[in-house]
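S.K.: Could you look at this predicted model? Sequence included:
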Amino acid sequence: MAAELHVALVAADREVWSGQATLVVARTTSGDIGVMPGHQPLLGVLESGPVTIRTSDGGTVVAAVHGGFISFADDKLSLLAEVAELSDEIDVQRAEQELERAKAEDDAEARRRADVRLRAATAAR
Amino acid sequence: MGAQLRVYKRRIRSVSATKKITKAMEMIAASRVVKAQRKVAASTPYATELTRAVTAVATGSNTKHPLTTEAENPTRAAVLLLTSDRGLAGAFNSNAIKAAEKLTAKLEAEGKEVDSYIVGRRGVAHYNFRERKITESFTGFTDDPSYADAKKVAAPLIEAIETETAEGGVDELHIVYTEFVSMMTQTAIEARLLPLSLDEVAAEAKPKGEILPLFDFEPSAEDVLDALLPRYVESRIYNALLQSAASKHAATRRAMKSATDNAGELIETLTRLANQARQAEITQEISEIVGGASALADATAGSD
């Protein structure tokens, strides 16, 4: 049996996604990090960015994550985020509007949030 | 209709109107408890994972952090009290307030100055009426708190704990809230959030005595801890807010149920009294008629 990761993507108020995966790529404060089964125990701080999960059945799950942590031990990986959305939950039109508005108002925080959403949504397509 | 009977009828009408209202409130509260309980359950995975991570960093590294080390000589403490915006919930608010006051007295006896942070209009009103100082208060979201609300509450507290005591910061952070034990039982409890007592956190995180692995920290243990602890405080406050909301709805449900029951009893008693009054009226009328008839009969008999 091929080794697998048990992944749980958890937001503050709900469990967003959980299941088996072979590879997880996330963005930490010191750069992108890819975790495969058998990785050494890890605890890192996440940046706002897309998280890519390659599931065991060959599919790909992309989520937009805004701040949080990645923790991995014993082939169990948890992604903790204050806000996390799966790519198919993201309303592209709304994100685009928000990006426009953030640009107009020069709101760096909102702009980054909208940007991450859009990137996650397009990456899944 | 006699005056007495009319008064009873009127009171029965008014009590049944009240009963209808309390019954409706009971049912609303019952449905909200279920919703609030579901939110508590939904927030649990995040809280457990976060607690695990905090334990891992705090035990797996010898980093010293203001949020985990006890001040040698604590002089100031912050107490966060969670009450509700609205009453009609039996002893819910007064129990929480009483617990907070007990804690405040205890801390003051230990020689600490206490800053009060209050959530919920009921608690704010209580403190204002007694002209006690409130450092900061938050209202308007106690029925259905969101994570953003928890962040809003946590922000000034985290700031206070990170400030040096001499500059108006605090050494300790306590929280008083109502724990949702079950539909019938809710207890006001107090807990010390910071500094973390690691034994407690560890006991919570690994009930089966599992050994935590040696983590590789990204970017460094200090940075992780720096980012982790505020989130931990927020998540604990969020959990407390949700439990407090669930407890409040459960308390309202119970209070409104007994109000409905009492109204039913009152209606029963009043109906009995009304029946008695009606019967007394009839009896009186009959005896008046009989009396009148016999007086007439006596009068005609006399004239013969």
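M.R.: Received, thanks. As the structure is a computational prediction, the values presented were derived from the model and not from experiment.
S.K.: continuing past the strand or helix carrying residue B:100, what's the next helix or strand?
M.R.: Per DSSP states H and E, residue B:100 falls inside helix B:92-109. Note on helix B:92-109: by DSSP H and E, the next helix or strand toward the C-terminus is strand B:113-119.
S.K.: before we move on, the earlier item: the helix holding residue B:100 to strand B:113-119, inter-axis angle?
M.R.: Orientation check (axes from the mean of the first three to the mean of the last three CA atoms, to 10 degrees): helix B:92-109 against strand B:113-119 gives 160 degrees.
S.K.: ok now helix B:92-109, how far from the chain's centre?
M.R.: 14 Å (CA atoms, centre = their mean, to the nearest Å).
S.K.: Which of the residues in that helix are classified as buried?
M.R.: B:92-93, B:95-97, B:99-101, B:103-104, B:107 (16 or more other CB atoms under 10 Å in any protein chain shown). For every residue, glycine as well, the C-beta is placed using N, CA and C.
S.K.: And stretch B:75-89, by the same measure?
M.R.: Quick answer for stretch B:75-89 (16+ other CB under 10 Å): B:76-85, B:87, B:89.
S.K.: which helices and strands sit right next to the helix holding residue B:100?
M.R.: strand B:76-82, strand B:113-119, helix B:121-129, strand B:172-180, strand B:186-194, helix B:221-303 (3 or more CB pairs under 8 Å, 6 or more residues apart in numbering or on different chains; DSSP states H and E).
S.K.: same thing but 6 Å
M.R.: strand B:76-82, strand B:172-180, strand B:186-194 (3 or more CB pairs under 6 Å, 6 or more residues apart in numbering or on different chains; DSSP states H and E).
S.K.: Would you tell me which of these gets closest to residue A:36?
M.R.: Residue A:36 sits nearest to strand B:186-194 of all the helices and strands packed on helix B:92-109, at 36.7 Å, using CB to CB.
S.K.: residues in contact with residue B:33?
M.R.: Contacts for residue B:33 were tallied using CB atoms under 6 Å, 6 or more residues apart in numbering or on different chains; they are B:246, B:249-250.
S.K.: Can you pull the phi/psi pair for the nearest residue to residue B:111 once chain neighbours are set aside?
M.R.: Among residues not flanking residue B:111 along the chain, residue B:75 sits closest, at 7.2 Å (CB to CB, 6 or more residues apart in numbering or on different chains). With angles defined as degrees, to the nearest 10, residue B:75 sits at phi -120, psi -20.
S.K.: how far away is the closest residue to residue B:124 other than its chain neighbours from residue B:122?
M.R.: Taking CB to CB, 6+ apart as the measure, residue B:124 lies nearest to residue B:137, with 4.8 Å between them; neighbours along the chain are not counted. Applying CB to CB, to the nearest Å, the value for residue B:137 to residue B:122 is 11 Å.
S.K.: And for residue B:59?
M.R.: Taking CB to CB, one finds residue B:59 at 39 Å from residue B:122.
S.K.: Tell me, how many residues neighbour residue B:275?
M.R.: The tally of other residues near residue B:275 (other CB atoms under 10 Å in any protein chain shown) stands at 12.
S.K.: again, but for residue B:291
M.R.: Around residue B:291 there are 10 residues (other CB under 10 Å).
S.K.: out of everything not next to it in sequence, what's closest to residue B:44?
M.R.: That would be residue B:239: by CB to CB, 6+ apart, it lies 8.0 Å from residue B:44.
S.K.: looking at it, the one you found is touching residue B:47, isn't it?
M.R.: Yes. If you go by CB atoms under 6 Å, residue B:239 and residue B:47 touch, sitting 5.5 Å apart.
S.K.: Secondary structure element holding whatever residue of chain A ends up closest to chain B?
M.R.: In chain A, no residue comes nearer to chain B than residue A:44, which is 3.2 Å away by CB to the nearest CB. Per DSSP H and E, residue A:44 falls inside strand A:42-46.
S.K.: and that strand, what does it pack onto?
M.R.: Counting by 3+ CB pairs under 6 Å, 6+ apart, strand A:42-46 packs on strand A:14-28, strand A:60-73, strand B:216-218, helix B:221-303.
S.K.: Quick one: closest of these to residue B:53.
M.R.: strand A:60-73 (5.0 Å).
S.K.: Give me the buried positions along the closest one.
M.R.: For strand A:60-73, by 16+ other CB under 10 Å, it's A:61-73.
S.K.: so what secondary structure elements neighbour that strand?
M.R.: Using 3+ CB pairs under 6 Å, 6+ apart: strand A:60-73 touches strand A:42-46, strand A:49-55, strand A:76-86, helix A:108-123.
S.K.: Can you list the buried residues in the third one?
M.R.: Neighbour-count burial for strand A:76-86 flags A:77-86 (criterion: 16+ other CB under 10 Å).
S.K.: try stretch A:33-43
M.R.: Buried residues in stretch A:33-43 (16+ other CB under 10 Å): A:33, A:35, A:39, A:41-43.
S.K.: One more: stretch B:41-50?
M.R.: B:42-43, B:45-47, B:49-50.
S.K.: returning to that earlier point: could I get the buried residues of stretch A:33-43 in CSV, plus columns for distance to residue A:100 and pLDDT?
M.R.: Below are those laid out as CSV (distance: CB to CB, whole Å; pLDDT from 0 to 100):
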residue, distance to residue A:100, pLDDT
A:33, 32, 88
A:35, 35, 89
A:39, 40, 85
A:41, 42, 85
A:42, 37, 85
A:43, 37, 86
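S.K.: which two from these end up farthest apart in space?
M.R.: Most distant of these, by CB to CB, are A:33 and A:41, 13.3 Å apart.
S.K.: and the stretch 101-250 of chain B, which of its residues are near chain A?
M.R.: Residues of the stretch 101-250 of chain B that fall close to chain A, judged by CB under 6 Å from any CB of the partner chain: B:147, B:213, B:215-219, B:224, B:227.
S.K.: ok, 10 Å please
M.R.: B:145-148, B:150-151, B:210, B:212-221, B:223-228, B:231, B:234-235, B:238-239, B:242 (CB under 10 Å from any CB of the partner chain).
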